[in-house]
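1. I would like the atomic coordinates for the input below:
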Amino acid sequence: MTKFLSMSSADAQVAIAAAMTHEELQSNTVELAQRLGWVEYHHWDSRHSRSGYPDLTLFHPGQTRILWVELKIEGDKRTPAQLAFGELITLCGGEYHLWYPREWLSGEIERVLKGDEQ
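-> Below you'll find the model as predicted:
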């Protein structure tokens with residue numbers, strides 16, 4: 001962490017985002033979602049699931065919302081199957097999000113989970 005002390009705030013955020021793993025992003029997102037009243041579902045072994053299905057499905061009865069969330073580490077892109085699922089969810093009126101570590105660090109994920117993104 002001390003290597004980030006000599007960087008500008010923006011440079012430090014870029015470095016932290018680049019270092020965050022998929023597991024860390026998912027764990028952070030799920031923990032926050034649960035604290036905010038969301039019920040989460042994710043499949044543990046995607047090899048036995050339909051290719052491209054998003055990483056998380058989040059349900060919030062109080063907000064009457066369902067989110068489908070694809071998580072990616074910095075620099076990763078969605079596969080054609082992931083793109084197709086995202087388009088299908090959106091076409092059917094679902095709320096689909098693609099989140100990278102930078103969305104975690106900027107507070108965007110928290111805003112969406114709280115319902116403050118509009």
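2. put the alpha carbons of the strand ranked longest in the chain into CSV.
-> With DSSP state E applied, the strand covering the greatest number of residues in the chain is identified as strand 65-71. Extracted as CSV, the C-alpha positions of strand 65-71 are listed here (Å, rounded to 0.1, in the frame of the first residue of the first chain):
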residue,chain,number,x,y,z
ARG,A,65,-35.8,-4.7,-8.4
ILE,A,66,-33.8,-7.5,-10.0
LEU,A,67,-30.3,-6.9,-11.3
TRP,A,68,-28.2,-9.0,-13.5
VAL,A,69,-24.5,-8.2,-13.1
GLU,A,70,-21.5,-9.1,-15.1
LEU,A,71,-18.2,-8.5,-13.3
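3. what pairs with it, parallel or antiparallel?
-> Strand 65-71 has its sheet partners listed here by DSSP bridges as strand 56-60 (antiparallel), strand 95-99 (parallel).
4. buried residues in the first one, which are they?
-> Buried residues in strand 56-60, counted by 16 or more other Cβ atoms under 10 Å: 56-58, 60. Bear in mind the C-beta positions are built from the backbone N, C-alpha and C, glycine included.
5. try stretch 88-107
-> 89, 94, 96-104.
6. now distance to L83 and pLDDT too, for those residues, in CSV please.
-> Below are the buried residues of stretch 88-107 laid out as CSV (distance: Cβ to Cβ, whole Å; pLDDT from 0 to 100):
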residue, distance to L83, pLDDT
I89, 11, 98
G94, 15, 97
Y96, 11, 98
H97, 14, 98
L98, 10, 98
W99, 15, 97
Y100, 15, 96
P101, 20, 95
R102, 20, 93
E103, 18, 95
W104, 22, 94
